[in-house]
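Asker: give me the fold of what follows.
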Amino acid sequence: MNRTSALNSPATPDEIDLFELFQVIWRQKKLVVGCAILAGILGTGYAMLASKTYEVSSVLRPAAINELDALNRSEIYKLPPADALEKVGAQMDSYGARLGFFKSHEELFRAFQKPGQSLEQSFEDFNRNSINLILPDPKKSDSLSSYVRLEMQYPAGVDGVAILNGFVDYAVAAEREQVGADLKVIVNNRLTELKGKIDAARANYDTGKESKIATLLEVDRVKRARLQDELSGLRLQMKMERTNRLAELAEAISIAKSMGIKKPTTPSSMADTVGAGSSQVVRTEINNQKIPLYFLGTEALEAERTALLQRTSDDFTNSRIAEIGKELQLLETNREVEVLRKRGNEDIFLQDVEPLRAEIARLKGLNIDMSNLKLVSIDRRAQEPLTSIKPKKSLIVAVSLVVGLFLGVLAALIRHFVLTHRKAEPYVTQETDRRPRREPTDDQPLP
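Answerer: You can find the predicted model right below:
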């Protein structure tokens, strides 16, 4: 009678009784604890047997200003400490620098070389998974945050400290060598530029000197030609004057002969000679008329004509001829041109080259010891780690215990539901057989 009422009572909705579940789990606490212990043992075994991974790091900061003062005072290569740190960081992040260090120190990386892999493949795996460059947050402008940190993870049996410190030194040395090469190229280019300017000034000087010599010689030639023309003109003039004089003398001689004048006389003297007189009179003749040439008499005129005919040169009759000769003699040698051509050290006459020479001397006198140039300050070098970072034993054991407990609880619940289902299955089968069968309708499915 009670069974029938229990079967015919309306079904209650599915509900989870947490207290009942707790009782079910508590009754099977041995199973739960056993699973937790087993998982803990497995986790502990894994933590003890798993290969250990260590981590080392090195921190670089900007060098002091005085370390780069000699380089910056050269005025041809500016390298502030922050830029030097950035260059070194870029060098450490460079694939080529890492590969170069990897190839030059193969004995340190044997643990990273796997069978069947080439050297480049082993390096690629190391570069991708083992080493990492960390830079400060660019949003922070505080100078205290300027640093470069290099981290490396490595398995047991690898000398990670030697690798990281060696690579830092290798990167700094490579960047120092690059700075030295850049400085050398810049200095050589600057020297070439300065020498080019001096050569240009020397070429301009040579051109100016040759132009000046040509100008001076041309002026002398023009002046000499003019003097020669003047001399020729004067000589022609004097020759014509001598010819004219000879013609005048010949005419005067002819007149003097016809008048019987042998000795020099004057018109008044001739008048007194014609009119006889016994008285002695002293005459003074003052007139502004030119006395004809024939009054000189035939003797004087013929003597002058003879002298003119025997004359070979008229140059002495004109003082300008002597002046022209003097000027022509001076023009035979241009002393300024002679001095210009005999200059020994012509570089001292170059214009505006003293600053260039001073700069060349300064650049050649640069003595920057690149071997001692300190680009960065190594704030912390890599040191042997005290503990490994992987595996984390305590975390592994804790996780394994939690997982074991979870699996134990799950196993206890599954076992409880399986046993409950097996106990209820015969009773449900008997009750189902006693229920009358009904024909299903379209709205009711089959039981």
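Asker: for the stretch 201-350 of the chain, which segments are assigned as helices?
Answerer: Here the stretch 201-350 of the chain has its helices, by DSSP state H, counting those that start in this stretch, at 267-274, 298-310, 319-331, 335-341.
Asker: what's the closest non-adjacent residue to the residue nearest to the spatial centre of the chain?
Answerer: The chain has Ile186 as the residue nearest its centroid, 6.3 Å off, counting by Cα atoms, centre = their mean. Computed as Cβ to Cβ, 6 or more residues apart in numbering, the closest residue to Ile186 that is not its neighbour in sequence is Ile76, at 5.4 Å. All C-beta atoms are positioned from the backbone trio N, CA, C, and that covers glycine.
Asker: and the one you found, how close does it get to Leu99?
Answerer: 32 Å (Cβ to Cβ, to the nearest Å).
Asker: pull up the distance across stretch 104-122, start to finish.
Answerer: 14 Å (Cα to Cα, to the nearest Å).
Asker: buried ones in it, by neighbour count?
Answerer: Leu108, Phe109, Phe112, Gln113, Ser122 (16 or more other Cβ atoms under 10 Å).
Asker: want to throw those residues into a markdown table with distance to Thr306, secondary structure and pLDDT?
Answerer: Putting these into a markdown table (distance: Cβ to Cβ, whole Å; DSSP: H, G, I helix; E, B strand; the rest coil; pLDDT from 0 to 100) gives the following:
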| residue | distance to Thr306 | secondary structure | pLDDT |
| --- | --- | --- | --- |
| Leu108 | 125 | helix | 85 |
| Phe109 | 126 | helix | 85 |
| Phe112 | 129 | helix | 81 |
| Gln113 | 129 | coil | 79 |
| Ser122 | 127 | helix | 84 |
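Asker: need these in TSV with distance to Asp206, can you?
Answerer: Shown next, in TSV, are the buried residues of stretch 104-122 (distance: Cβ to Cβ, whole Å):
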residue	distance to Asp206
Leu108	63
Phe109	64
Phe112	67
Gln113	67
Ser122	65
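Asker: from the residues you listed, which is closest to Ser94?
Answerer: Lowest distance from Ser94 to the buried residues of stretch 104-122 (Cβ to Cβ) belongs to Phe109, with 17.3 Å.
Asker: got the contact list for the closest one?
Answerer: Phe102, Ser122, Phe123, Phe126, Ile163 (Cβ atoms under 8 Å, 6 or more residues apart in numbering).
Asker: so which of the residues you listed is the closest to Glu230?
Answerer: Checking the contacts of Phe109 one by one against Glu230 (Cβ to Cβ), the nearest turns out to be Phe102, at 94.1 Å.
Asker: nearest residue to the closest one other than its sequence neighbours?
Answerer: Phe123 is the one closest to Phe102 (Cβ to Cβ, 6+ apart), at 4.7 Å.
Asker: which neighbouring elements make contact with the one helix or strand that neighbour maps to?
Answerer: Using DSSP states H and E, Phe123 maps to helix 119-129. Judged by 3 or more Cβ pairs under 8 Å, 6 or more residues apart in numbering; DSSP states H and E, the packing partners of helix 119-129 are helix 95-104.
Asker: hang on, the earlier thing: looking at the contacts of Phe109, spot the one nearest Leu330.
Answerer: Phe102 (85.4 Å).
Asker: residues contacting that closest one?
Answerer: Per Cβ under 8 Å, 6+ apart, neighbours of Phe102: Phe109, Leu119, Phe123, Phe126.
Asker: what is the mean pLDDT for the strand ranked longest in the chain?
Answerer: Counting residues, the longest strand found in the chain (DSSP state E) is strand 53-62. Average pLDDT, strand 53-62: 91.
Asker: stretch 423-442 now?
Answerer: Averaged across stretch 423-442, pLDDT comes to 54.
Asker: picking that back up, which residues touch the helix holding Phe123?
Answerer: Residues contacting helix 119-129 (Cβ under 8 Å, 6+ apart): Tyr95, Arg98, Leu99, Phe102, Lys103, Glu106, Phe109, Phe112, Gln113, Lys114, Gln117, Gln153.
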